[in-house]
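In: Fold the following for me, if possible:
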Amino acid sequence: MQILKVVPGKSIGEIEIGMDRQEVYRIIGTPKKQESIEWIDEYHIEYANDKVIFIEVPDSFRDTHFVLFEGVDLFRTEAKLLVKYISEYGKYDETDCELGYSYSFKELGIGLWRPVIFEYDMLDDPEFQELDPEIQQDEFKHLFFESICVFVKDYYKK
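Out: A predicted model of the protein is given here:
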């Protein structure tokens, strides 16, 4: 397993905010088509004036990497605990209409996302108890975030 360090507002692994497109291509490869938003080797990269302004990685990185922020694995830490931990470094946008699904720490430059809100206390919910055991098992993945991103400071003001 490799370690992929996440530095809010700065980088995920070797890919850094402000890096030019050609530097990104040297590190992770070239996409089939150059666009302002590209998917390259599972990285989601967004550019403005050919400079990186947004970097996102999916939870599939968990298969080959420890994706760490200040020593905490972002894909192996329960969502509720991770939000609490990152909140020690900065505040998330409490007005976000997607709160629970996503958390944007705009001042830090880091975001977290999952498609479904699921917490341990939902295990006792009668609706959950009625689900097929395979579906119940599948729901556990939503205890964790599915993607992590870093971005430039004013990314969400555009």
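
In: Quick one: residues contacting the residue nearest to Met19 when sequence neighbours are not counted.
Out: For Met19, ignoring the flanking residues on the chain, the nearest one in space by C-beta to C-beta, 6 or more residues apart in numbering is Val52 at 4.8 Å. From N, CA and C alone the C-beta is placed, and that goes for glycine too. Val52 is in contact with 15-21, 24, 45-46, counting by C-beta atoms under 8 Å, 6 or more residues apart in numbering.

In: now do Ile45
Out: 15, 24, 37-39, 52, 54-56.

In: Can you say which of those residues are buried?
Out: 15, 24, 38, 52, 54-56 (16 or more other C-beta atoms under 10 Å).

In: Which of those residues fall in helices?
Out: Under the assignment DSSP state H, these contribute Val24 to helices.

In: For Ile15, which non-adjacent residue is closest in space?
Out: Distance criterion C-beta to C-beta, 6+ apart; nearest residue to Ile15, sequence neighbours excluded, is Ile55 at 5.2 Å.

In: low-confidence ranges in the protein?
Out: Within the chain, the ranges that satisfy pLDDT under 70 run 158.

In: any chance you could map the helices in this protein?
Out: Here the chain has its helices, by DSSP H, at 21-28, 79-86, 126-129, 133-139.

In: Out of the ones you listed, flag the one nearest Val7.
Out: helix 79-86 (12.6 Å; C-beta to C-beta).

In: ok, residues contacting the closest one?
Out: If you take C-beta under 8 Å, 6+ apart as the criterion, helix 79-86 is touched by 69, 72, 74, 77, 92, 103, 105, 108, 110, 112, 114, 119, 143-145.

In: circling back: let me know the closest of the buried ones among the contacts of Ile45 to Asp63.
Out: Glu56 (16.8 Å).

In: which residues does that closest one contact?
Out: Glu56 touches 12, 43-45, 111, 147-149, counting by C-beta under 8 Å, 6+ apart.

In: List buried residues within those residues.
Out: 12, 43, 45, 111, 147-149.

In: thinking again about what came up before, sort out which of the contacts of Ile45 are in strands and list them.
Out: Mapping those onto strands (DSSP state E) picks out 15, 37-39, 52, 54-56.
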